[in-house]
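A.B. asks: Kindly generate the corresponding structure for this input.
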Amino acid sequence: MTNLPLVRVNSLLPLLKFFKENSISLDDFLHKSTIPENIFSQPEKLLSLYQVFNSIDSFAYRQGIDFLGILASEKLEIEHLGLFGKVLRQSLTGYDLLRTIVTLLKKTYSSGVKVWLTEDDDRIWFNHQYPNFSYNGNKQKQGNYYAFFLHFRALKTILNFDWYPTDLYFRGETVKGLSDLGLFSQSRLHFNKSYNSIAISKNLLYLPLKKESENINHNEEQNLYEQLISTSPPVDFSKALQQLIRSQLFGGSIKIETIADSIGMSSRSLQRCLGDRDLSYSRLLDQVRFQLAVQWLQDNSISVSEIAFELQYNEINSFRRSFKRWTGVTPSEYRNRLYRGE
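C.D. replies: Residues are numbered from 1 along each chain as shown. All right, here's what the predicted structure looks like:
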């Protein structure tokens with residue numbers, strides 16, 4: 001594996017809204033999932049794309065919910081997308097909006113997606129392709145459809161008028177009953193394509209967009225863009241894995257078996273992949289814990305015992321021993337030296 005596709009946690013917020021409106025327990029969704037139970041309090045954090053797709057597909061299969069990905073994506077509010085959504089809100093026209101999505105989506109929001117635009121005489125095609133994951137014989141495509149139609153819903157919401165794509169291309173085999181959904185009542189559906197695609201009339205895209213929210217000035221827009229870039233999914237495999245471990249600390253498991261499972265690998269394959277980079281999982285975990293420990297020790301409102309707990313040490317003495325192994329001093333000594341300015 002040369003890269004590790006990641007996606008922001010807030011991509012799941014429309015799914016949570018769908019669960020709430022349909023009285024579906026979040027615990028039922030998280031059952032048998034590697035997604036940390038407390039991660040939704042940190043919506044700009046990153047999860048493995050495989051982890052997200054697998055959780056959605058497995059839940060749809062267990063519960064027998066047809067079109068879960070499409071139905072849940074309809075619950076999207078632009079605010080769900082956090083920083084990315086705020087940047088999209090600054091688009092001038094529909095065409096500018098499409099260009100912004102293509103420019104920023106892979107770079108800042110989901111590192112596993114490939115998006116591009118093509119044009120014919122009277123339409124612009126928004127093309128979209130994710131990795132073709134497979135797991136345990138489950139051939140569900142709900143995760144893929146969910147991601148695809150989140151972008152469709154974002155377009156429809158920001159354009160702020162009622163419209164339908166002229167054509168929709170779907171990756172994979174024909175899905176029975178899809179044409180019966182109102183969302184597709186005015187569109188031609190095509191299956192067995194190599195990627196998903198939305199055809200939009202050019203006449204809809206050149207009009208100025210109505211701003212529901214107050215415009216921000218250039219400096220504020222630049223600051224927003226810089227925030228988005230600074231929290232972007234890393235391209236490097238080991239750095240991406242570090243980000244995933246950070247997210248798993250929010251109520252998830254950081255055992256190598258869980259981390260490997262969340263990216264669709266065996267523990268042995270993950271160790272081998274890290275070994276090729278002169279790393280080990282224990283070393284990578286040490287790096288994440290050290291970085292967070294140093295960050296949190298600068299905040300006197302967080303006790304050493306709380307830091308040990310957040311880093312998933314079974315007891316505070318284990319954390320003290322690890323920290324001294326990393327730095328030569330205990331966490332309390334390190335904090336005292338920071339306070340004295342040494």
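A.B. asks: where in this protein is pLDDT low?
C.D. replies: 1, 134-140, 212-215, 342 (pLDDT under 70).
A.B. asks: give me that answer again for 80
C.D. replies: Low-confidence regions of the chain, defined here as pLDDT under 80, cover residues 1-2, 132-140, 161-162, 172, 210-218, 221, 341-342.
A.B. asks: which residues of it fall in strands?
C.D. replies: Using DSSP state E, the strands assigned to the chain run over residues 6-8, 46-48, 114-119, 123-129, 167-171, 188-193, 196-201.
A.B. asks: for the nearest residue to Ile263 once chain neighbours are set aside, what are its contacts?
C.D. replies: The shortest distance from Ile263 to any non-neighbouring residue, by Cβ to Cβ, 6 or more residues apart in numbering, is to Ser48 (4.9 Å). C-beta: built from backbone N, CA, C; applies to glycine. Contacts here follow Cβ atoms under 8 Å, 6 or more residues apart in numbering; on that basis Ser48 touches Leu4, Pro5, Leu6, Val7, Leu244, Ser262, Ile263.
A.B. asks: residues touching the last one, list them.
C.D. replies: This points to Ile263. Under the criterion of Cβ under 8 Å, 6+ apart, the contact list for Ile263 reads Met1, Leu4, Ser48, Tyr50, Gln51, Leu241, Leu244, Leu270.
A.B. asks: Now distance to Leu13 too, for those residues, in a markdown table please.
C.D. replies: As requested, the contacts of Ile263 are exported to a markdown table (distance: Cβ to Cβ, whole Å):
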| residue | distance to Leu13 |
| --- | --- |
| Met1 | 28 |
| Leu4 | 22 |
| Ser48 | 17 |
| Tyr50 | 19 |
| Gln51 | 16 |
| Leu241 | 24 |
| Leu244 | 19 |
| Leu270 | 29 |
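A.B. asks: I'd assumed Thr93 was in contact with Leu207.
C.D. replies: Yes - applying Cβ atoms under 8 Å, one finds Leu207 in contact with Thr93, separated by 6.4 Å.
A.B. asks: So between these two, which is more surrounded?
C.D. replies: Thr93 (15 against 12; other Cβ atoms under 10 Å).
A.B. asks: what separates the more buried one from Lys156, distance-wise?
C.D. replies: Per Cβ to Cβ, to the nearest Å, Thr93 is found 15 Å from Lys156.
A.B. asks: Also Tyr281?
C.D. replies: Tyr281 sits 43 Å away from Lys156 when distances are taken as Cβ to Cβ.
A.B. asks: now Asn217
C.D. replies: Using Cβ to Cβ, one obtains 28 Å as the distance from Asn217 to Lys156.
A.B. asks: Looking at those two, which is more packed in?
C.D. replies: Lys156 (18 against 8).
A.B. asks: Return the residues in contact with the more buried one.
C.D. replies: By Cβ under 8 Å, 6+ apart, the contact list for Lys156 reads Trp163.
A.B. asks: burial count for Asn314?
C.D. replies: Asn314 - counted by other Cβ under 10 Å - has 9 other residues nearby.
A.B. asks: Could I get the phi/psi values of it?
C.D. replies: According to degrees, to the nearest 10, the main-chain angles of Asn314 amount to phi -70, psi -30.
A.B. asks: Please give me every residue in contact with it.
C.D. replies: Neighbour list for Asn314: empty [criterion: Cβ under 8 Å, 6+ apart].
A.B. asks: separation between it and Asn217?
C.D. replies: Here the criterion is Cβ to Cβ. By it, Asn314 lies 50 Å from Asn217.
A.B. asks: about what we covered before: so in terms of bridging, what pairs with the residue nearest to Ile263?
C.D. replies: Using DSSP bridges, the beta-bridge partners of Ser48 come out as Leu6.
A.B. asks: Also Asn196?
C.D. replies: Beta-bridge pairing for Asn196 (DSSP bridges): His128.
A.B. asks: for Thr118, same thing?
C.D. replies: For Thr118, the beta-bridge partners under DSSP bridges are Trp125.
A.B. asks: how far away is it from Ser282?
C.D. replies: Summarising the geometry, the distance separating Thr118 from Ser282, computed by Cβ to Cβ, is 47 Å.
A.B. asks: ditto for Phe40
C.D. replies: If you go by Cβ to Cβ, the gap between Phe40 and Ser282 works out to 29 Å.
A.B. asks: Between the two, point out the one with more neighbours.
C.D. replies: The residue with the greater number of neighbours, taking Phe40 and Ser282 and applying other Cβ under 10 Å, is Phe40; the counts read 17 against 11.
A.B. asks: I'd guessed that one sits against Lys17; true?
C.D. replies: No - with contact defined as Cβ under 8 Å, Phe40 does not reach Lys17; the gap is 11.4 Å.
A.B. asks: which residues sit in contact with Phe290?
C.D. replies: Phe323, Trp326.
A.B. asks: repeat that with 10 Å
C.D. replies: Phe290 makes contact with Leu311, Ser322, Phe323, Arg325, Trp326, Thr327, according to Cβ atoms under 10 Å, 6 or more residues apart in numbering.
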